[in-house]
Every structure is written in C-alpha cells, then in structure tokens.
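J.: Structure, please.
(chains A and B)
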Number of protein chains: 2
Amino acid sequence: MSIAQAQSRAEDRDIAAEMAALGADARAAAQALAASSAESRRGALRAAAATLRAGEAAILEANALDMAAARESGLSGALLDRLALDPGRIEAMASGVEEVAALEDPLGRLLGEWERPNGLRIRRVSVPIGVIGIIYESRPNVTADAGALCLMSGNAAILRGGSESWHSSRAIAGALRAGLAESGLPEGCIQLVPTTDRAAVGLLLTMDEAIDMIVPRGGRSLIERVLAESRIPVMAHLDGNCHVYVHAAADPEKARDVTYNAKMRRTGICGAAETLLVDAAAEDLLPAILEPLFEAGCEVRGDVRTRALDSRVVPASEADWGTEYLDAIISVGVVDGLDTAIAHVNTHGSHHTDSIITEDAAAAERFMEGVDSGIVLHNASTQFADGGEFGMGAEIGISTGKLHARGPVGVEQLTTYKYKVYGNGQVRP
Amino acid sequence: MSIAQAQSRAEDRDIAAEMAALGADARAAAQALAASSAESRRGALRAAAATLRAGEAAILEANALDMAAARESGLSGALLDRLALDPGRIEAMASGVEEVAALEDPLGRLLGEWERPNGLRIRRVSVPIGVIGIIYESRPNVTADAGALCLMSGNAAILRGGSESWHSSRAIAGALRAGLAESGLPEGCIQLVPTTDRAAVGLLLTMDEAIDMIVPRGGRSLIERVLAESRIPVMAHLDGNCHVYVHAAADPEKARDVTYNAKMRRTGICGAAETLLVDAAAEDLLPAILEPLFEAGCEVRGDVRTRALDSRVVPASEADWGTEYLDAIISVGVVDGLDTAIAHVNTHGSHHTDSIITEDAAAAERFMEGVDSGIVLHNASTQFADGGEFGMGAEIGISTGKLHARGPVGVEQLTTYKYKVYGNGQVRP
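T.: Numbers count the residues shown, from 1 in each chain, chains lettered A, B, ... in the order given. Modelled structure (predicted):
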C-alpha cells in the first residue's frame, strides 16, 4: 500500500458518495461548457497555463514527494523518468495548454445541412460529448494535457491518475482549477478523483449516468481491466503491431530508409514497426535493408527465407508475427505477392498503422484499400502515426477501436453531434 | 422451452464451435465486402429481393409454424401481429431491400483531405465497420431490413432473431443468402445464428475478435442485458422520453397541433412525446392544447398548476417526469421560463428528441443549444425522429448513445473511416 492509499484509507471516507458528487459537479460543468464560447474556453486555458507556471514551486515540491516514495518502493529508472518533473517539463505543460487554446474551435461546426420536401430544414452540428473520464498511470503531465484537450472540446474531465503520481497530479490539477476559477468557468470542468483507492476506478467505470466516455491511457493490463469492467463506452488504444511491406516495385533507398525509421527512430512508441514483410520479388533488397538495422543493434527474427539470406537472423516463432516488441527487435518475413502481404497484416496485425513501399501506385492503392487499419501509408514511415504529425495539434491518444474515432484523437474527435431541425408547425402525417 | 430450443438442444451441438465458425465466415465476408463495388452490393441486394419474392410460399409456411407455436404459448395479440407475415409484408420486405440498394454508396466518401508541410498528403475516407451483430426480438422482417442495411454499408451481418420468429427468420435469411450466392458475394455476408439457445447470445457478446459492433433491437430488458454483458461496443436505443415545450412566444395553433401530433399520431414509437412543458407566460394556451388530447382519450397527468386549470387532469408523481409511457398518457407541467424548461428536459429526459414551440427564433436557438439531445426541433413534431423522415432512407434504429452515431442510424452511420497517407519516402525526424 502506498503512502497515499494509506492516507486515504486512514481517513475512512465514503468514496462512493465522493465519486457521486464528483459526477454531479462534472455534469453541471459540462452544461456550462456546452454553452460556452470558444473565447471563454481559450481564456480559461490561458489562465490555467499561467497558474501552472506560477505554481511551479508547489508542483516541484509535490513531485519530490512522489519521487521519494517511488525510489523507496524500487520503481525502475524508466518509470522514475516518466514521473519526474523539472522546470522545463512544467513549462512544456504550460505551453502545451496554450497550444491547445490556439486550436480551431471544434464545436458548432456545421457537418451537414439539408431541407426536406415538407420544408423541415435539418442541420447536423458538432457538440461536446459531455463528461469524459480519463484513467492514466504514472505520467503526471497527462493531467494537464488531457484536461486541456477536454476543456477545449467543451467536455468536463474527471481525471484518475496513478497512485505513484498522486501528489504531482493533485498539484497540477489544483493549478489548472485556479486558472478556471479566475476565468469564470466552473472548477468542475477539470476534476481529479480525490483518492488513489483502487475502488474508485471500479466506481468510475459504472457511473454511466454521469460519464459519457472513458479514455484509459497506460499499459495493456490497465486497458484490459477498463474494457472488461466498464459500463461506459471506452475509447482505447490496444496494440500497435505495425508493418512495413516492401513491394516488388519498391524503390531500394525508400525501402531501406523508411524501414529503418519505422523501426528504430523510437522503438517504444505505438507507431514503431514490429514486422517487415518483403515481397519475394524484392528479396534482393533485403540485405541492404537489414544492414543498418544490424548496425544499430536491432535483433532480427526471420522466417526460413530470411534466415537463408543472413546468418545473423534468428528464427521467428509463430508468436513473433503477433508481438508488439516496443524494443529494438523486428520480425521479418518473405511473402509471395501483395494479397499474401495484405492477408498477413490483417491476420497478425493490430489494425493500427501499416505502410507499403512501392513505386506502383495501383499496388499501393490496393494495399491501402485491403489493409483494415486506422492508418495506411504509401512510401512513408509508420512513425507518422501521431496527432501532431497529422496536423491535429495535441492528441489524447490513438484509438485502435473502429467506432467514433479511429487513429489520432484530437479535439475534433472529442466531439459528437446533434441534429437541429427547423420547422414552421410541421406535423407528421 | 420452445420447440426450436428443444430441437437445438436435442441435437446436442457444440454451440461455441458453431459460433466461432460463424464469426470466421463473417470476418472473411467482411474482407470481400470492403473490397466490393457499390454495383456488386446493389446487385446482390436486388438478387436477394428477387429470391425473397420467389420464396414467398416457403416463408409463409415457416411463419405458420411460428404463429402456431406462438398461439399455443399464449402470446398476446400485439406480439402475434408483430410476428405475422402475409404476401403484403413479404413484398414490403423485398421492396425495402430494393430501396436500400438504391441508396447512395456510403463507402469511399472523402471526408477530409490535407497536405502536411513535409509533403505527406492525408485523406480520410469512409470504410465499412466490419462485422455487425444484430440481436432482435419477434419481428422477422428485421432479418431482411438489418441484413440489407449492413450489406449496403459493406458490413457482414450476424443476425440473432428471437426464438418466436425462428422459422420465419431462417426462411428469410435463406432467401437472402440464395440471392447473395447468385450475385457472387459470399453467403457469409448475412448469417443467422443457427440456434435459439440463449447461450448463443452470451457467446456473441464476447466475440470481440470477430464482431466489431452489436446492435440490439427490442425491449429495455434485452438492451440492458446486452449493455451489461457485451465486451463489444454497442449501438443502442434506450428510452425515448421526448418533450414538447410551449414557450411564452408560442403560436397557439402550432402549440396545439404539434403537441397533439407529437403525442397521439402513434403513441408506441420512440419519438412520441411523453411530457408537455408549458411556460407560465403561455399558461392560457393550455386548455386549448389539452382539449383535443382529452377528446382522443389521452390521460393527462399534471402538476399542481395544470390541475388548477382542468379537473380532468390527474396528479403527476415525480416518477411521471421520467416515464416513457408509449401509450395515450402525457405528463404536463407549467415551468417558469426557458432555462427551467431546459433544465427539466436535461434532468428528466432521455436525450432523444425534444421540441420547442415559439415564434421567437433566439429563444428557439437557446433551447436547441441547451437541450442535450440527439434531435432538437423548432416548431415541429417529435414524431419526425426517424431516418426516413430525415431523408436517410431506411434506418437500423435510433441511437441514444453519444458516441459514433447519434439519432437515426442509416447506412452512413454504419461506416467508419481510415486515413490514407501518401508519401514519397518521408521519414519522421
């Protein structure tokens, strides 16, 4: 049990009542947000950025408590790095909030308009979703990023950070709320679940009257728990098992450079390539593609045909084709033609992001039509799978589901729509 | 236990294996559909309409079995009417399938296109969702309606009809599949769960690898079971607790006629009004609004102020404001101003369809902005909440959820999108 958990239990609180109050405040704040102007949401975000900067000392102090507890409990170096804040990271959070404030208003967009023979005029207009619950792990900056994206899209946010980042997240949320209070928007727009008790997550996932959507951000076990328990629709990111397919008509340099970038630029992100498929007709390109990977220390796990080309290739098992390594490892297979490649990607992939390298535009189009993934690329690195790279500004994550939003989720994807129907006394016959 | 259930149990089948096979066939069919042209989907639907007509005798024979079993088990008149088929209803199904075939192709629509500074060209294009599971109750025509809508939108359908309509649904699905076989599309595009064993529904709701979306069509208990058990995203229709609000600046005739139509045109549909709110400033319009309702035999349950106006008004309890009667009953309340009306609708309503009657355009806009419902109307009957009335053609239902689709769900709402990214060797810095 962490210090924070012990504290919250020691207080012997009625967590269900606290969560219900949180939900009611969020619903009321969502009403206010739905009626708010873009200028007031932008003003609130700028004020929140200012209070974040002004609160630097308090946030660093809170973060020091989290870091001390994390070191004591033996957290790994990578996790400690995720948790750590410094003045540069706080400034990055504040300017991130300002960047969200500068985005185009996603609300009130006219998505469609038509008139019926009976004279009814129908307009489909973008509106906020309502209340969004965000459940995340150790990165305290998610508090500011997710809070800002929700606010700009007119949604109230209920944030539930990890227990490791409890003090940091609370300090950040406090600073954001001080900004909201100054700007006149209700503080209920951004709320942090006031306990690290795991029971609070269970409650959150069943508050379907108060919360319209859940966004889990973290490892697979968190996301699977949320998907299994939630009675509320979930926008989730599962695996990013991304492919590069080098087609028969591939340009050799593009094949080599895109594969290298897709795998090695950053190996730990969801858009990193995990499998390389090379067409049998392009097999002679394979040694030149693999060479820079070996040089960079990447482990190559290959099928029989790949292993025949280079003795440094170790055998790939059947499980390798479905594995998201998130590391300097790549599985490599030789395939007979485009259709086999498409079938391989659809069978073993995770419907996230896949790329074809070819100079044959028709083959590229067939691959992009046939592969059932949120993002399909032609002659470009899978590492472009990112809201910023798509020009959306900040993103709350990448959705691997098919409903509502697919791919990067920015402020536009955090909206829904309503139909406004204008009549003059029409009744239905 | 119904005859059909007894039969399926007697066969001692491995239902889990059968369901898995169904899922695999649907996934393969979905791949074929995603690559199909609109012309081939239209051709398959026209062929299916023809085989439905040609199969009239067999369908009626199967329906007679269901009707006999239903009478034996003492089904009510209304349920018997839902179940009954005759040549007219079969012709209506066939022409309904043809109407779906005539809809605009919802696939391949360019939803957005832009270029990034690095030269990447991004296109957002509509694609099918994949495999849709539809769980319905006694109306056998859903087999044809839902099957056709899924097929036109490029989705494979797994249909699970009620046990009462088992023989009818099987005969209809058989006719549709004969049409598919003629047209060259895989029969796996439209499949009927081959058992009425309730365990099959439980299996269906956990087949998240094979099925992308579940659409329940039926009563509240079915929908609640599906929402509680499903591991797959659900597009559901919950309550239709719709409101008419007569504003201070309402036109008296529109107020009377729209209220009457919204309540009494058909009382059993989800778009029927269940509550009338009258602004205190328009209270003098109330007697003329209520008179035709009383004449038509409608029960009026009112608050204190409404009861003071007419002795035929019976008291409304607190529960009345949240009740979807689906009957000739209406709850009536007098409210002080627009904001009170909006708050009432958002608190007690079901976010389905609500209408304001007023000659004041600014007040109408405030109501339509403030009410958090999928459909908001100005001077028009709530009974227009219907895909056909919206000009979408057929609908699979009306979604009361906020994600993916809100309001009527036609072929366009049965699609998702993918991003196609066109490069020339770009790598991410």
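
J.: ok, which residues in the stretch 201-350 of chain A are in contact with chain B?
T.: A:212-213, A:227-228, A:231, A:233, A:235, A:251, A:253-254, A:257-258, A:260-262, A:265, A:346 (Cβ under 8 Å from any Cβ of the partner chain). C-beta: built from backbone N, CA, C; applies to glycine.

J.: A:Glu291: neighbouring residues, count only.
T.: 14 (other Cβ atoms under 10 Å in any protein chain shown).

J.: same check, this time on A:Pro287
T.: 11.

J.: Let me see the contact set for it.
T.: By Cβ atoms under 8 Å, 6 or more residues apart in numbering or on different chains, the contact set of A:Pro287 is A:309-310.

J.: same question, the one 5 residues further on
T.: Taking Cβ under 8 Å, 6+ apart as the criterion, A:Pro292 is in contact with A:256, A:260.

J.: Give me the pLDDT for it.
T.: Predicted confidence (pLDDT) for A:Pro292: 98.

J.: picking up where we left off before, looking at the residues of the stretch 201-350 of chain A next to chain B, which are in strands?
T.: A:Met213 (DSSP state E).

J.: Distance check, the closest residue to A:Gly130 other than its chain neighbours against A:Arg116.
T.: Distances taken as Cβ to Cβ, 6 or more residues apart in numbering or on different chains put A:Asp212 closest to A:Gly130, at 4.0 Å, once the chain neighbours are dropped. Taking Cβ to Cβ, to the nearest Å as the measure, A:Asp212 falls 30 Å from A:Arg116.

J.: can you check A:Asp320 too?
T.: From A:Asp320 to A:Arg116 the distance is 56 Å (Cβ to Cβ).

J.: Please say which of those two ends up with more neighbours.
T.: Shown here are A:Asp320 and A:Arg116; by other Cβ under 10 Å, A:Asp320 has more neighbours (21 against 15).

J.: And the helix or strand A:Leu65 falls within, how far out from the chain middle?
T.: Assigned by DSSP states H and E, A:Leu65 belongs to helix A:56-72. On the basis of Cα atoms, centre = their mean, to the nearest Å, helix A:56-72 sits 26 Å off its chain's mean C-alpha point.

J.: Point out the other helices and strands that the following helix or strand past that helix packs with.
T.: Per DSSP H and E, the first helix or strand lying C-terminal to helix A:56-72 is helix A:77-83. Under the contact definition 3 or more Cβ pairs under 8 Å, 6 or more residues apart in numbering or on different chains; DSSP states H and E, helix A:77-83 sits against helix A:56-72.

J.: thought A:Glu113 was touching A:Arg123?
T.: Yes - the criterion here is Cβ atoms under 8 Å, and A:Glu113 meets it with A:Arg123 at 4.8 Å.

J.: ok, these two, which is more surrounded?
T.: Using other Cβ under 10 Å as the criterion, A:Glu113 and A:Arg123 rank with A:Arg123 on top: 16 against 11.

J.: Just the element for that one, please.
T.: With DSSP H and E as the test, A:Arg123 turns up in strand A:121-128.

J.: average pLDDT across that strand?
T.: On average, strand A:121-128 scores 98.

J.: List the neighbouring strands of that strand plus their orientation.
T.: Strand A:121-128 sits in its sheet next to strand A:110-115 (antiparallel), strand A:415-426 (antiparallel), going by DSSP bridges.

J.: If anything else comes up later, I'll come back, but that's it for now.
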